[in-house]
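K.L.:
okay, predicted coordinates and the sequence, questions at the end:
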Amino acid sequence: MLGVSYSHQASSFLRKATKQLAERLLKKIEGLSEMPVTQDTKVIHGFKEKLYRVRVGDYRILYTVDYQDAKLDIVKIDKRDSVYL
């Protein structure tokens, strides 16, 4: 199981989200900490680091995986139309 760290934007988004949405997102993140790359994971191109994307309804979670440090970094969580900006 990987340790999870959140960026300022991701933790702020989770605090402001409704309880139901936050629970859905946290459940998905918990699953990612056990298996970081699932079949619904996509690689996002155009960034320096290898960035992954997973979908939760209309929302997207962008994250990186550091296997050496056993760490999952949640970079950004937002709606689909504004997550890539």
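P.N.:
Thanks, I have the structure now. Just so you know, these numbers come straight off a predicted model, no measurement behind them. Numbering: from 1, shown residues only.
K.L.:
what sits up against the helix or strand of the chain with the lowest mean pLDDT?
P.N.:
The weakest-scoring helix or strand in the chain, judged by mean pLDDT, DSSP states H and E, is strand 42-44 (a mean of 92). With Cβ atoms under 8 Å, 6 or more residues apart in numbering as the test, strand 42-44 has contacts from 50-54, 62, 84. (Each C-beta comes from the backbone N, C-alpha and C, glycine too.)
K.L.:
at 7 Å instead, please
P.N.:
Taking Cβ atoms under 7 Å, 6 or more residues apart in numbering as the criterion, the residues outside strand 42-44 that touch it are 50-53, 62.
K.L.:
for stretch 64-75, same thing?
P.N.:
Counting by Cβ under 7 Å, 6+ apart, the neighbours of stretch 64-75 from elsewhere in the structure are 2-7, 10, 29, 32-33, 36, 49-52, 61-63.
K.L.:
any idea which element the most centrally placed residue in the chain lies in?
P.N.:
Ranked by distance to the mean C-alpha position of the chain (Cα atoms, centre = their mean), the top residue is Ile61 at 3.3 Å. Using DSSP states H and E, Ile61 maps to strand 59-66.
K.L.:
now do the helices in the chain.
P.N.:
Along the chain, counting by DSSP state H, helices occupy 8-16, 19-34.
K.L.:
now render these as TSV, adding mean neighbour count and mean pLDDT.
P.N.:
Written out in TSV, the entries for the helices of the chain read as follows (neighbours: other Cβ atoms under 10 Å; pLDDT from 0 to 100):
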stretch	mean neighbour count	mean pLDDT
helix 8-16	14	96
helix 19-34	14	95
